[in-house]
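S.K.: Quick one, fold the following:
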Amino acid sequence: MLDVVIAGGGYVGLAVAVAIKQAAPHMQVEIVEAAPQDVWKKDMRASAIISAATRMLDVFGIWSEIEPEAEPIRKMIVTDSKTTDPVRPVFLTFDGEVEEGRPFAHMIPNVAIVGALRGLCDRLGITIRHGLTVSGFVTGAQSTSISLSDGNVLEARLLIACDGVRSSLRDMAGIKTVRWDYDQSGIVTTVEHERPHNGVAEEHFLPSGPFAVLPLKGNRSSLVWTERRADADKLVASDDFLFDEELERRFGHKLGSVRAVGPRRAFPLGLTLARAFVAPRFALAGDAAHGIHPISGQGLNLGYKDVAALAETIVEADRLGLDIGSLNVLERYQAWRRFDTLRMGITTDVLNRLFSNDSTPIRVVRDLGLGLVDRLPALKSYFIDQAAGLAGESSPKLLAGQPL
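M.R.: Got it, this is the predicted structure:
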């Protein structure tokens, strides 16, 4: 019988498998991944990884492998304007370091993260079953019987669902969600510009939603461009000339001429929060537990916080001789993560509603608020520590750079 089966082989699924297996080598861990074996190599996107998450990757022993591909975010600039405004005043700036030599976040190509985690899975002896899904499961007193789409059945003490925001396993477990739609889509692509970005990230709050420019290696940046859904679909379907013209209107000329050089895709945006993170012999992690607006860049990092908390809960329970699939054990993980997730979901929802509009009175108030924060160093320091995942005394060990 297996100890843990993880449904989903993305960043979160791979990381939780590695965290458990590295700390408890005797435990049998397998991953069931719906995508074919090498499809991850085609992912041209990049992700913002906070300082706490890089500490966890360092504990895994793979940060030195990933770091050469990572671009540190040395500074963050926030502006609030319309696309027609001739000048975009800067209302808020954040220095990028949380401590000497450690930026609060890095931009990293997805293939670098996934490749390093997959390589570590191979070295640790973690089996990844590609091209399969979990078609159902039956929870018993001592184990869960997990049916796969190829007809095989696995027995495990615990099933972890990391199968995305539209998690079918969450539905199978009978876990309800709080969910609403923003009628927005996030356009994701890579752009190339004439002049260097110097590690500066920018978030422009525009009437249709935030327009985030995040630095990559060389004269390139990753773009997360929020638009109303119908407009986003038209932009993604438009020819290169029209797309680049609309891109330049929003991007501005600070870095010279700019053009999209990567594939562009639009992802529908909404808020999804699971009402529970656990059930007997079952746990949710990553987007299966929470899907939030990208306005704060914290979606993936919430998943890494789940990884650290869930792995620590499981490993410590196993060392104490407890049943890792029991509800009493799993409720520690739920208590650890649910409040933080709810807080971040509410925060991103409020920010999106506050900034994704063209109301002049609201704009005046929010700009005054941004200016006030910019003049209070202690408050800015608190926000940057929150963004880096370093705030709070009860953080999981892996996020503090400590092995389990």
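S.K.: May I see the buried residues of the one helix or strand residue 123 maps to?
M.R.: According to DSSP states H and E, residue 123 maps onto helix 110-124. Using 16 or more other C-beta atoms under 10 Å as the test for burial, helix 110-124 gives 110-118, 120-121. (C-beta placed from N, C-alpha, C; glycine too.)
S.K.: Pick out whichever of the residues you listed sits closest to residue 343.
M.R.: Closest approach between those and residue 343, by C-beta to C-beta: residue 113, at 25.5 Å.
S.K.: Who are the contact partners of that closest one?
M.R.: When the contact criterion is C-beta atoms under 8 Å, 6 or more residues apart in numbering, the partners of residue 113 are 11, 47, 49, 57, 66.
S.K.: Next one: it from residue 105, what distance?
M.R.: Note on residue 113: its distance to residue 105, by C-beta to C-beta, to the nearest Å, is 13 Å.
S.K.: Mutual contacts of the two, please.
M.R.: Contact criterion C-beta under 8 Å, 6+ apart; residues bridging residue 113 and residue 105 by contacting each: residue 49.
S.K.: Would you tell me what the next helix or strand after the top strand by length along the chain is?
M.R.: Ranked by number of residues, the top strand in the chain under DSSP state E is strand 177-193. Counting by DSSP H and E, the next helix or strand C-terminal to strand 177-193 is strand 200-206.
S.K.: Identify all contacting residues around the helix or strand just after that next one.
M.R.: Taking DSSP H and E as the definition, the helix or strand that follows strand 200-206 towards the C-terminus is strand 209-215. Taking C-beta under 8 Å, 6+ apart as the criterion, the residues outside strand 209-215 that touch it are 46, 48, 71, 73, 107, 184, 191, 197-205, 221-228, 250-251, 294-295, 297, 352, 355-356.
S.K.: if you set the cut-off to 7 Å instead, what comes out?
M.R.: Contact partners of strand 209-215, identified using C-beta atoms under 7 Å, 6 or more residues apart in numbering, comprise 48, 71, 73, 107, 184, 197, 199-204, 221-227, 250-251, 295, 355-356.
S.K.: cool, stretch 26-45 as well?
M.R.: With contact meaning C-beta under 7 Å, 6+ apart, stretch 26-45 is reached by 2-9, 13, 17, 20-21, 110-111, 114, 126-134, 148, 154, 188, 190, 262-263, 318.
S.K.: Go through these and flag which are in helices.
M.R.: 13, 17, 20-21, 110-111, 114, 318 (DSSP state H).
S.K.: From the residues you listed, pick the one nearest residue 269.
M.R.: Set against residue 269, the nearest of these by C-beta to C-beta is residue 110 (18.9 Å).
S.K.: Was I right to think the closest one contacts residue 49?
M.R.: No. Proximity of residue 110 to residue 49 does not meet the contact threshold set by C-beta atoms under 7 Å, at 10.3 Å.
S.K.: now stretch 254-267, how far from the centre of its chain.
M.R.: Its chain's average C-alpha position is 21 Å from that of stretch 254-267, according to C-alpha atoms, centre = their mean, to the nearest Å.
S.K.: Pull out the buried positions in that stretch.
M.R.: Counting neighbours by 16+ other C-beta under 10 Å, one finds that the buried residues in stretch 254-267 are 255, 258, 260, 262, 264, 266.
S.K.: Can you give me the distance of the closest residue to residue 183 other than its chain neighbours to residue 349?
M.R.: Spatial nearest neighbour of residue 183, excluding adjacent residues (C-beta to C-beta, 6 or more residues apart in numbering): residue 229 at 5.3 Å. Taken as C-beta to C-beta, the spacing of residue 229 relative to residue 349 amounts to 17 Å.
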